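Q: Starting from these lines, generate the structure:
(one chain, ligands or ions: 2)
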Amino acid sequence: MAASVRADGVWKQFQLRKDRADSVGQLLVQMIPGRKRPKAEHFWALQDVSFEVKQGRSLGVIGNNGSGKSTLLKLLTRTMQPTQGSVDLRGRMSALIELGAGFHPDFTGRENIILNASILGIGRKEIEKSMNDIIDFAAIRPFIDVPVKYYSSGMQARLGFAVAINVDPEILIVDEVLAVGDEAFQQKCMDRIFEMKRSGISILLVSHDLGSIERLMDSAIWIDQGVVRAQGNPRDVVHGYRTFLGAASSPPAAEHEVATLPKEAVYVAAAEIRVPGASGSNDPAPGDPLEISLQVANETGSPIDGYLSVSIRRPDGLEIAEISGMRDGRSVGLRPGLSTIVLSAHELRLASGSYEVDVAVFDIQGKRLAEAKAISGFRVQGTERTTGVILVPHDWRAG
Ligand SMILES: Nc1ncnc2c1ncn2[C@@H]1O[C@H](COP(=O)(O)OP(=O)(O)OP(=O)(O)O)[C@@H](O)[C@H]1O
Ligand SMILES: [Mg+2]
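A: Residues are numbered from 1 along each chain as shown. Ligands and ions are numbered 1, 2, ... in the order given. Purely as a prediction, here's the structure:
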């Protein structure tokens, strides 16, 4: 069964918890016998939120503090129930939402790993196998037998993330708890999230790091005071939010329009890298040809003519090659359902290292219909020594 996450018209109401009287006057009023405490106030933390994340797809959730992002994740993980609407989550989910949630402070790191795994239905033997990976990823080996209550917040985040990614999830849900890790750890987590996405795991990520949302996610949703202000292509959603943040420092606009972008009816479902002629290995040597087999889904119900474009990037974002069907004048027909399109690159002259592949789909007018960042990747395994990106066939000559 394909893993997927759906929210359908989700509303969540909270009670405003005003436990204390705001003034001595109110306090005195409350003390008058027979006088009732003020009626509880309610507010909507989420209003009519809907989205779908299909298998292997990713969604970035952005918005100001208190806008409802964590609430949304908690509804998905069933930590709480929606007041109205429904959520549907299919597949094995692992989530990292609150720092220290799921950890028992008096147990050691190691004991907590076992405890967490058992909650997820993973037996002790099985988790023992992943124990070293978890400890290594978290890089907290000297503290692994110390009770978690003595961990710093960064160490808790490290352990939490290391567990979440090592329990073989089909869906990974991460709130910005990673932000308490240092920069190197945050980068390591982002790289891992990326890798997991490439291997077909669905990802939901709340982050204030707009650049990462834009670069790494296939889609994004911007929530403002519980209301969806934009959803769809991450570039457009982040742009809308940035504009709003810019405008927020000037006088507030009267009424903001809801910029709901069209739902994705066309998307890149998968991209597979092959080295023609090589048996088994998907890792090319520097001079090898490469095939990128793309599966594009068209759920519009009618055939579409379009163009594909493929970018090869270094993980730090440097674009090395962009191959564009539009510039080549080669359109492709996308029938309803899945179409497979194969791009053959005749020769790679890339230096050893990791590379990522982005794919975009455009309609015949050049409007972007879909974009999948880092949908696939490969490692070039060469023996050369260079710090550059490409290998240049060369000779040396004297005089
Ligand atoms: N259990 C709760 N009871 C009452 N109110 C709550 C509860 N949880 C969250 N809220 C309120 O709901 C609103 C949304 O909170 P939420 O934590 O989802 O925001 P957020 O977008 O994750 O913010 P941040 O960026 O600061 O993490 C806030 O006003 C918050 O005070
Ligand atoms: Mg939050």
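Q: Please count neighbours and contacts with C-alpha atoms only from this point.
A: Noted.
Q: Residue ranges in the chain under the pLDDT threshold?
A: 1, 17-27, 29-31, 33-40, 247-264, 279-281 (pLDDT under 70).
Q: how about the helices of the stretch 201-350 of the chain, start to end?
A: Listed in chain order, the helices found in the stretch 201-350 of the chain under DSSP state H, counting those that start in this stretch are 210-216, 234-248, 325-328.
Q: Pull out the buried residues from the first one.
A: I take that to be helix 210-216. Of the residues in helix 210-216, those with enough neighbours to count as buried (16 or more other C-alpha atoms under 10 Å) are Leu210, Ile213, Glu214, Leu216.
Q: The last one too?
A: Going by neighbour count (16+ other C-alpha under 10 Å), the buried part of helix 325-328 is Gly325, Met326.
Q: swap in stretch 211-231?
A: Buried residues in stretch 211-231, counted by 16+ other C-alpha under 10 Å: 213-214, 216-231.
Q: Could you do stretch 326-343 as well?
A: By 16+ other C-alpha under 10 Å, the buried positions in stretch 326-343 come out as Met326, Ser331, Val332, Leu334, Arg335, Pro336, Leu338, Ser339, Ile341, Leu343.
Q: quick one: the third one from Ser293, how far?
A: If I follow you right, that is Val332. Taking C-alpha to C-alpha, to the nearest Å as the criterion, Val332 is separated from Ser293 by 14 Å.
Q: Check the contact lists of these two and give me the overlap.
A: Here Val332 and Ser293 have Ile341 as joint contacts, going by C-alpha atoms under 8 Å, 6 or more residues apart in numbering.
Q: Spell out the secondary structure type for Glu52.
A: The three-state label given to Glu52 by DSSP: H, G, I helix; E, B strand; the rest coil is strand.
Q: Could you measure from it over to Arg90?
A: Applying C-alpha to C-alpha, one obtains 11 Å for the distance of Glu52 from Arg90.
Q: What of Gly226?
A: 25 Å.
Q: And for Asp8?
A: As judged by C-alpha to C-alpha, Asp8 and Arg90 stand 14 Å apart.
Q: what does the chain have sitting close to ligand 1?
A: Proximity of the chain to ligand 1 is confined to Phe14, Gln15, Leu16, Ala45, Asn64, Asn65, Gly66, Ser67, Gly68, Lys69, Ser70, Thr71 under the rule C-alpha under 6 Å from any ligand atom.
Q: Show me which of these are buried.
A: Of the members of the residues of the chain next to ligand 1, the ones counted as buried by neighbours, 16+ other C-alpha under 10 Å, are Ala45, Ser67, Gly68, Lys69, Ser70, Thr71.
Q: ok, the fourth one - contacts?
A: For Lys69, the contacting residues are Val61, Ile62, Gly63, Val206, Ile223, by C-alpha under 8 Å, 6+ apart.
Q: Kindly report the same for the last one.
A: Remark: with contacts taken as C-alpha under 8 Å, 6+ apart, Thr71 is in contact with Ala45, Leu46.
Q: what does the first one give?
A: If a contact means C-alpha under 8 Å, 6+ apart, then Ala45 has Trp11, Lys12, Gln13, Phe14, Ser67, Gly68, Thr71, Gln225, Gly226 as its contacts.
Q: what's the answer for the second one, then?
A: Contact partners of Ser67, counting by C-alpha under 8 Å, 6+ apart, are Ala45, Ile223, Asp224, Gln225, Gly226.
Q: any idea which of the residues of the chain next to ligand 1 is closest to Gly123?
A: Ranking the residues of the chain next to ligand 1 by separation from Gly123, with C-alpha to C-alpha as the measure, puts Ser70 on top at 29.2 Å.
Q: sec struct for that closest one, please.
A: Three-state secondary structure (criterion: three-state DSSP) places Ser70 in helix.
Q: Look at the nearest residue to it once chain neighbours are set aside and say how many residues are nearby.
A: Spatial nearest neighbour of Ser70, excluding adjacent residues (C-alpha to C-alpha, 6 or more residues apart in numbering): Asp175 at 6.8 Å. Burial of Asp175, expressed as a neighbour count using other C-alpha atoms under 10 Å, amounts to 21.
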